[in-house]
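K.L.:
Here is a sequence together with a model predicted from it:
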There are 2 protein chains.
Amino acid sequence: MHTPIGETLHRLLHAYKRAMRDGYTTAGIELTGAQIRMIKGIASDPDASAQAIAKRTRQDKGHIARLIKDLEGEDLITRRPHPSDSRYRQLKLTAAGHALATRIAEVEAEAGARMARHLPDPDIERFVELAEAMIANLESSENPL
Amino acid sequence: MHTPIGETLHRLLHAYKRAMRDGYTTAGIELTGAQIRMIKGIASDPDASAQAIAKRTRQDKGHIARLIKDLEGEDLITRRPHPSDSRYRQLKLTAAGHALATRIAEVEAEAGARMARHLPDPDIERFVELAEAMIANLESSENPL
DNA sequence: CCCAATTAGTTGACTAAATCAACCAACACG
DNA sequence: CGTGTTGGTTGATTTAGTCAACTAATTGGG
């Protein structure tokens, strides 16, 4: 029997999501997973636009726009016009957003540590490398033109 | 900066889901991902009950029940009372269900091969092992009692 | 300069996926 | 018995994600 890698992937992502959600609720963070990923995305690329994030994460731009709207409503991010190209909106974290991003990073680090428990560091690195290689494989064959 | 393993996981799962969906549509399979996973689950454990599947996949039993209802409506599975315990419903694939399971396995194998392209077999195996170990880590610390 | 094509963003409508909670029927077993 | 447990069903709701139509701003060619 060949490895049911899809099933494993699915279960892993769900176990991870559950662990993260637990961590978030015990840390008193009220956002959804997608919102949290947005915060992280903006935090790690401070001049990102909605489009840039949509492309980087391969997500629908409409989906992204809605997340941004919500987060702006929570005063976690601001949306300012780009100085030279007024189509763009520069996304920035507010002070509250930054504080939240820090706490998110802590929770995530803790969950990551729990997930990686008893597993040697090199294996974890290899795991991430393989995952990235797989993503590249899948995406390169998706649009073969 | 430690590896953003959660983000990688998320992107990998989505890339995989997209690849699978492409494969399914070109193969003329009309089911959703969750329904397909159900078919596979029943195929690999022919005497499974809804509860058994819910437990094995850690999914909500209500969710499972709905999927089963849909699949029964498509005449892909049957739901028969258990001979000695009439609470159970024995889930079986119909002939159409079996045929579909075979085609699903083909599509999945093809997508798996695409995903694993240029990656040595031992690495893939290691990848799955690590994923399983991570799932175990996450779930054991989820309910520490 | 003007028009066409492109790009960023917004919005509406929709589907899929998953969770929570309430509920019923059948069973186990003291 | 009857009390608690287990398997299953259903309703309501939330989160995620997709597709399509649309506006506004920019760019580049003639």
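P.N.:
All right, it came through fine. None of these values were measured; they are calculated from a predicted model.
K.L.:
Output the below-cut-off pLDDT ranges for chain A.
P.N.:
A:1-3, A:141-145 (pLDDT under 70).
K.L.:
Show me the helices in it, by range?
P.N.:
Along chain A, counting by DSSP state H, helices occupy A:5-26, A:33-44, A:50-57, A:61-73, A:95-115, A:121-142.
K.L.:
any chance of those helices in a markdown table, with mean neighbour count too?
P.N.:
The way it works is simple: take the backbone N, C-alpha and C, and place the C-beta from them, glycine included. Output for the helices of chain A, formatted as a markdown table (neighbours: other C-beta atoms under 10 Å in any protein chain shown):
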| stretch | mean neighbour count |
| --- | --- |
| helix A:5-26 | 18 |
| helix A:33-44 | 20 |
| helix A:50-57 | 16 |
| helix A:61-73 | 16 |
| helix A:95-115 | 17 |
| helix A:121-142 | 16 |
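K.L.:
could these go into JSON lines alongside distance to B:T102?
P.N.:
Shown next, in JSON lines, are the helices of chain A (distance: least, C-beta to C-beta, whole Å):
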{"stretch": "helix A:5-26", "distance to B:T102": "16"}
{"stretch": "helix A:33-44", "distance to B:T102": "35"}
{"stretch": "helix A:50-57", "distance to B:T102": "35"}
{"stretch": "helix A:61-73", "distance to B:T102": "35"}
{"stretch": "helix A:95-115", "distance to B:T102": "35"}
{"stretch": "helix A:121-142", "distance to B:T102": "23"}
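K.L.:
closest one to B:K61 among the ones you listed?
P.N.:
Evaluated with C-beta to C-beta, those place helix A:5-26 nearest to B:K61, the distance being 14.9 Å.
K.L.:
touching DNA strand D at all, that closest one?
P.N.:
No. Applying C-beta under 7 Å from any atom of the strand, one finds helix A:5-26 separated from DNA strand D by no less than 7.8 Å.
K.L.:
ok, and what's touching that helix?
P.N.:
The contact list for helix A:5-26 (C-beta atoms under 8 Å, 6 or more residues apart in numbering or on different chains) reads A:30-31, A:33, A:36, A:104, A:107-108, A:110-111, A:114-115, B:6, B:9-10, B:12-13, B:16, B:20, B:37, B:40, B:57-59, B:108, B:111-112, B:115, B:124, B:127-128, B:131-132, B:134-135, B:138-139, B:141-142.
K.L.:
switch to 6 Å and redo it
P.N.:
A:V107, A:A111, B:L9, B:L13, B:G112, B:V128, B:A131, B:M134, B:I135, B:L138, B:E139 (C-beta atoms under 6 Å, 6 or more residues apart in numbering or on different chains).
K.L.:
what's the answer for stretch A:103-115, then?
P.N.:
A:A19, A:M20, A:G23, A:Y24, A:A27, A:I36, B:I5, B:M134, B:N137, B:L138, B:S141.
K.L.:
residues in chain A within reach of DNA strand C, list them.
P.N.:
Within reach of DNA strand C by C-beta under 7 Å from any atom of the strand, chain A has these residues: A:10, A:14, A:18, A:49-52, A:61-62, A:65-66, A:68-69, A:79, A:87-89.
K.L.:
let's see 6 Å
P.N.:
A:49-51, A:61-62, A:65-66, A:68-69, A:79, A:87-89 (C-beta under 6 Å from any atom of the strand).
K.L.:
And the helices of chain A: which comes nearest B:D45?
P.N.:
helix A:5-26 (12.0 Å).
K.L.:
what angle do the closest one and helix B:50-57 make?
P.N.:
Per axes from the mean of the first three to the mean of the last three C-alpha atoms, to 10 degrees, the angle that helix A:5-26 makes with helix B:50-57 is 80 degrees.
K.L.:
could you check the distance from the residue most central in space within chain A over to DNA strand D?
P.N.:
Note on chain A: the residue nearest the mean C-alpha position is A:R37, at 3.2 Å, using C-alpha atoms, centre = their mean. A:R37 sits at a distance of 7 Å from DNA strand D (criterion: C-beta to the nearest atom of the strand, to the nearest Å).
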